[in-house]
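>>> Give me a model of this one.
(one chain, ligands or ions: 2)
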Amino acid sequence: MAALDTTQAPVFALDQVPLEPIAAAEGTPCYVYSAPVVSRRLAALQQALADCAWPHAVHYALKANSSLAIARLIRDGGAHADANSIGEIALATRAGFRPDQIVFTGVGKSPQELERAVSLDLKAINAESPGELDRIDALARSQGRRVRVALRVNPDVDAQSHPHISTGLKTSKFGVPLDDAAEVLRARRDAAGLEIIGVHVHVGSQITSLGPLCAAARKVADLAVALRAEGFPLSHLDLGGGLGIVYEQGGDVPTYEAFARALVDVARPTGLTLIVEPGRTLVGPAGVLLARVIDVKPHAGGGRFVVLDAGMTELMRPALYGAFHRIVPVHAADRPLVPCDVVGPVCESSDTFGRVRELPEPHVGDLMAIMDAGAYGAVMSNTYNRRPLPPEVLVEADGSWRVIRRRPTLDDMFALEQA
Ligand SMILES: Cc1ncc(COP(=O)(O)O)c(C=O)c1O
Ligand SMILES: N[C@@H](CCCC[NH3+])C(=O)O
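Numbers count the residues shown, from 1 in each chain. Ligands and ions are numbered 1, 2, ... in the order given. Next up is the predicted model:
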């Protein structure tokens with residue numbers, strides 16, 4: 001199969017997908033996802049892995065986009081799930097993933113979450129600490145079970161991504177230091193409630209080169225080989241997620257072929273099944289956030305302030321990480337370009353989507369698409385300033401579309417509280 005060009009993924013042909021009718025019907029701000037883009041990306045990744053002819057499993061990281069319809073689409077595409085909370089496990093179950101298709105990760109799993117996870121007979125719980133292993137062991141024994149676990153290792157590798165989404169340095173809160181991992185497992189080799197079946201690593205997100213991914217993979221692969229030599233009956237090597245996408249014109253990320261080859265090259269000598277947990281790469285380019293211009297005013301530095309009806313409440317990434325998202329006017333207006341600071345309505349100066357963007361002279365009422373918003377968009381939205389969570393729409397291959405999550409009414413928003 002031809003390589004999917006992950007650098008120039010045909011995101012939304014803005015003239016082919018009926019964005020204006022969707023915005024008119026559902027109102028803005030509103031997320032719109034393309035089902036065929038998600039399915040194509042998943043199929044391309046699976047093909048790239050299959051071409052390497054090594055046992056593997058793709059566990060979609062639900063945290064990137066946990067809309068039920070997106071999770072179902074991914075399950076229908078043959079992937080399994082990586083859940084980060086009991087809520088995501090419930091979502092995965094409702095989307096049709098079987099317990100033995102779910103791995104459970106998370107740096108702080110509450111007693112209630114662990115108790116439930118232990119009872120579910122998941123594929124594996126990725127444990128983050130010696131204490132967590134012991135808590136799983138105790139719960140498992142109290143339930144008369146033996147629970148499959150993998151140990152999350154912190155390899156002290158710099159993901160070379162934004163510090164807020166880098167997780168593999170020894171100063172970060174994730175996992176057990178590589179040097180301690182073998183001893184931690186040896187001390188629990190005979191724990192009656194544990195079946196130690198793997199090692200796990202995830203060094204960060206929006207990683208745009210193979211270097212950090214391979215460096216981390218090699219470290220845990222070496223550990224896994226040593227553990228097997230000691231008699232640990234490991235079955236898998238879970239190398240996490242993290243593959244980035246192109247947000248900015250001219251950006252570059254590894255192809256799925258290169259990614260698959262690099263990780264399989266590390267996994268093969270271990271003899272272990274390779275697990276990957278991709279999130280962003282599958283869904284990020286498949287979504288846009290639609291917003292309307294609600295005000296335009298002069299900018300002190302020249303140009304314009306363009307105030308959208310979407311803000312950091314709907315898409316936090318720019319405010320949180322200074323992340324870049326392309327902003328595209330849906331009606332490619334034949335107007336002269338002007339420099340614009342594109343901002344949201346929220347009462348925070350960080351509520352800014354882009355500074356000094358050259359856009360066709362904006363008018364109140366124009367529809368804008370904030371691109372590549374399918375991952376870590378809707379899932380991170382919030383109700384600050386008492387704003388309703390945004391609705392989400394899924395567009396099918398034939399151009400038809402349906403609301404997969406509606407906008408809450410004001411009554412919905414009051415429903416959970418009392419004066
Ligand atoms: C353990 C784990 N697996 C998978 C992912 C998915 O990452 P990404 O969306 O960057 O592929 C994350 C998030 O960074 C994670 O924390
Ligand atoms: N929320 C981050 C990604 C975090 C990945 C989860 N560990 C983002 O928007 O880029």
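>>> could you pull out the strands for the stretch 251-400 of the chain?
273-276, 287-298, 304-308, 327-329, 337-343, 352-360, 367-370, 392-395 (DSSP state E, counting those that start in this stretch).
>>> want to throw those into TSV with distance to residue 188, mean pLDDT and mean neighbour count?
(C-beta placed from N, C-alpha, C; glycine too.) Converted to TSV, the strands of the stretch 251-400 of the chain look like this (distance: least, Cβ to Cβ, whole Å; pLDDT from 0 to 100; neighbours: other Cβ atoms under 10 Å):
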stretch	distance to residue 188	mean pLDDT	mean neighbour count
strand 273-276	21	98	24
strand 287-298	42	97	21
strand 304-308	52	97	22
strand 327-329	51	92	18
strand 337-343	52	97	19
strand 352-360	48	96	17
strand 367-370	47	95	24
strand 392-395	42	96	24
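>>> what about the closest residue to ligand 2 within the stretch 201-350 of the chain, neighbour count?
Using Cβ to the nearest ligand atom, the single residue of the stretch 201-350 of the chain nearest to ligand 2 is residue 205, 3.8 Å away. Using other Cβ atoms under 10 Å, residue 205 has 26 neighbouring residues.
>>> got CSV for the strands of the stretch 251-400 of the chain, with distance to residue 157 too?
Listed next are the strands of the stretch 251-400 of the chain as CSV, based on distance: least, Cβ to Cβ, whole Å:
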stretch, distance to residue 157
strand 273-276, 16
strand 287-298, 29
strand 304-308, 38
strand 327-329, 33
strand 337-343, 35
strand 352-360, 31
strand 367-370, 32
strand 392-395, 34
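>>> how near is the closest residue to residue 302 other than its chain neighbours to ligand 1?
Residue nearest to residue 302 in three dimensions, not counting chain neighbours: residue 339, with 6.6 Å by Cβ to Cβ, 6 or more residues apart in numbering. Shown here: residue 339 relative to ligand 1, a distance of 32 Å by Cβ to the nearest ligand atom, to the nearest Å.
>>> now residue 294
In this view, residue 294 and ligand 1 are 31 Å apart by Cβ to the nearest ligand atom.
>>> Identify the residues contacting the residue nearest to residue 302.
299, 302, 303, 304, 356, 357, 358 (Cβ atoms under 8 Å, 6 or more residues apart in numbering).
>>> repeat for residue 375
64, 65, 245, 279, 280, 282, 283, 284, 287.
>>> rewinding a little: intersect the contacts of residue 339 with the contacts of ligand 2.
Here nothing survives when those are matched to ligand 2 using Cβ under 6 Å from any ligand atom.
>>> Specify which member of these is nearest to residue 60.
residue 357 (32.1 Å; Cβ to Cβ).
>>> Can you pull the residues of the chain lying near ligand 2?
63, 165, 205, 206, 317, 376.
>>> go with 8 Å
61, 63-64, 84, 162, 164-165, 167, 202, 204-206, 241, 279-280, 316-317, 320-321, 323, 375-377, 380 (Cβ under 8 Å from any ligand atom).
>>> Buried by neighbour count, from these: which ones?
61, 63-64, 84, 165, 167, 202, 204-206, 241, 279-280, 316-317, 321, 323, 375-377 (16 or more other Cβ atoms under 10 Å).
>>> How about residue 155: what's its closest non-neighbour residue?
residue 219 (4.2 Å).
>>> Could you confirm the one you found falls within a strand?
No. Counting by DSSP: H, G, I helix; E, B strand; the rest coil, residue 219 is not part of a strand but helix.
>>> need the contact list for it.
With the criterion set at Cβ under 8 Å, 6+ apart, residue 219 makes contact with 153, 155, 157, 178, 201.
>>> Now secondary structure and pLDDT too, for those residues, in a markdown table please.
A markdown table is the format used below for the contacts of residue 219 (DSSP: H, G, I helix; E, B strand; the rest coil; pLDDT from 0 to 100):
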| residue | secondary structure | pLDDT |
| --- | --- | --- |
| 153 | strand | 97 |
| 155 | coil | 93 |
| 157 | coil | 79 |
| 178 | helix | 97 |
| 201 | coil | 97 |
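>>> now, the most widely separated pair of these?
Among the contacts of residue 219, 153 and 157 lie farthest apart (Cβ to Cβ), at 10.3 Å.
>>> Of those two, give the one with the bigger neighbour count.
Remark: of residue 153 and residue 157, residue 153 carries more neighbours, 28 against 25, as counted by other Cβ under 10 Å.
>>> Wait, that one touches residue 223, no?
Yes. Here residue 153 reaches residue 223: they are 6.5 Å apart, a contact under Cβ atoms under 8 Å.
>>> Spell out which residues are contacts of both of those two.
Contacts common to residue 153 and residue 223, judged by Cβ under 8 Å, 6+ apart, are 178, 181, 199.
>>> Redo these as CSV? Include neighbour count and distance to residue 56.
Shown next, in CSV, are those (neighbours: other Cβ atoms under 10 Å; distance: Cβ to Cβ, whole Å):
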residue, neighbour count, distance to residue 56
178, 21, 23
181, 24, 22
199, 30, 15
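>>> and the stretch 301-419 of the chain, which residues reach ligand 1?
Counting by Cβ under 8 Å from any ligand atom, the stretch 301-419 of the chain sits next to ligand 1 at 375, 376.
>>> just for the stretch 301-419 of the chain, where's the confidence low?
332 (pLDDT under 70).
>>> Can you list the neighbours in contact with stretch 253-263?
By Cβ under 8 Å, 6+ apart, stretch 253-263 touches 3-7, 44-45, 47-49, 51-52, 208-210, 213-214, 217, 239, 243-246, 274, 276, 281.
>>> Of all residues in the stretch 251-400 of the chain, which one is closest to ligand 2?
Of all residues in the stretch 251-400 of the chain, the one sitting closest to ligand 2 is residue 376 (3.1 Å; Cβ to the nearest ligand atom).
>>> wait, the stretch 51-200 of the chain
For the stretch 51-200 of the chain, Cβ to the nearest ligand atom, closest residue to ligand 2: residue 165, 4.4 Å.
>>> got a list of what the residue of the stretch 251-400 of the chain closest to ligand 2 touches?
63, 64, 65, 279, 280, 284, 316, 317.
>>> taking these as a set, which two sit the farthest apart in space?
Across those (Cβ to Cβ), the longest gap, 15.8 Å, separates 279 and 316.
>>> who are the neighbours in contact with the residue lying closest to residue 217 once chain neighbours are set aside?
Leaving aside its sequence neighbours, residue 217 sits nearest to residue 266 (Cβ to Cβ, 6+ apart; 4.2 Å). Shown in contact with residue 266 (Cβ under 8 Å, 6+ apart): 214, 217, 218, 221, 237, 239.
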